[in-house]
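Asks: Sharing a model that was predicted from the sequence below.
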Amino acid sequence: MTTGPRLTPGRPAIAADRAAAHRIRQALAEELPKVREAALAWRNGLAGLFVGLLGFGLVKGRTDVGKLASPYGALVGGMLLLSLMCGAVGALYLLRAAHGMPVATSLAPEPGGSTARYAGDHVEAGRALRALRRGVTLTLVCGALLVAGVAFSWYGPGKEKPQLLVKTPAGTECGEPKRIERGVVVLKTETGEMRVSLTDATAVLAVETCPGTTQAAE
């Protein structure tokens, strides 16, 4: 003869037990709609935030990342690409949380009746809540990357303009070419504008950077 735990009937339900069961059932019935409502509110709020960020990004500033010095151009491009990916995935998560997965409604009666339906809604509410959290996180990361990318594109160092090195019998001058006036080239140097006659030039070279000091021509 085997011995083990014996199951015995519990006490009869009282009014407090029935009230607690009713509250649990009511909470299960309202859980999924509340999560969906919260997801819609977050979606609308984040959409408004991004409208503001879009207006912020349209403020006058550097618009060509190709004018940024290396490696800032590649960094801004990577930030904007990652921002786009985070925004797209975050939007999908928010849509999943707000509207659920697109499925067909079954007309067959559910085994277990309303209890099974409430249990299914509870599982779906948990999935929608996880999707909402991921969507909010990814959307905020998208916004942070977008702001950082715009900031780098505005304030990052630009590429140095081509410099012109002109050798003359009197020495070597180098700077950013500004204009040419009657055979005289005007260079913008660290000490100010320099005027060099091209008729006296022995060599004219385009360089990326000027030498640190002016050297006398040999």
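Replies: Structure received. Numbers count the residues shown, from 1 in each chain.

Asks: now the strands: where do they sit in the protein?
Replies: Shown for the chain, the strands assigned by DSSP state E span residues 163-168, 171-181, 184-189, 192-197, 203-207.

Asks: winner for burial among those strands?
Replies: Across these, the average number of neighbours (mean count of other Cβ atoms under 10 Å) peaks for strand 163-168, which reaches a mean of 19. Using the backbone N, CA and C atoms, a C-beta is placed for each residue, glycine as well.

Asks: which strands and helices sit next to that one?
Replies: In terms of contacts (3 or more Cβ pairs under 8 Å, 6 or more residues apart in numbering; DSSP states H and E), strand 163-168 is packed against strand 171-181, strand 184-189, strand 192-197, strand 203-207.

Asks: and V196, what are its bridge partners?
Replies: Beta-bridge partners for V196, by DSSP bridges, are V185.

Asks: what's it in contact with, if anything?
Replies: Contacts of V196 were listed using Cβ atoms under 8 Å, 6 or more residues apart in numbering, and they are V166, T168, E173, V184, V185, L187.

Asks: Could you verify my assumption that the third one touches L187?
Replies: By that I understand E173. Yes: E173 is within contact range of L187, at 5.8 Å (criterion: Cβ atoms under 8 Å).

Asks: Next, show the common contact partners of the two.
Replies: Taking Cβ under 8 Å, 6+ apart as the contact rule, E173 and L187 both touch V166, M194, V196.

Asks: how close does L53 get to E31?
Replies: 33 Å (Cβ to Cβ, to the nearest Å).

Asks: Which residue of those two possesses the greater neighbour count?
Replies: More neighbours surround E31 than the other of L53 and E31, with 18 against 15 (other Cβ atoms under 10 Å).

Asks: For the residue nearest to that one when sequence neighbours are not counted, give its distance to E181.
Replies: By the measure of Cβ to Cβ, 6 or more residues apart in numbering, the closest residue to E31 outside its immediate chain neighbours is A125, 4.5 Å from it. Distance, A125 to E181, by Cβ to Cβ: 77 Å.
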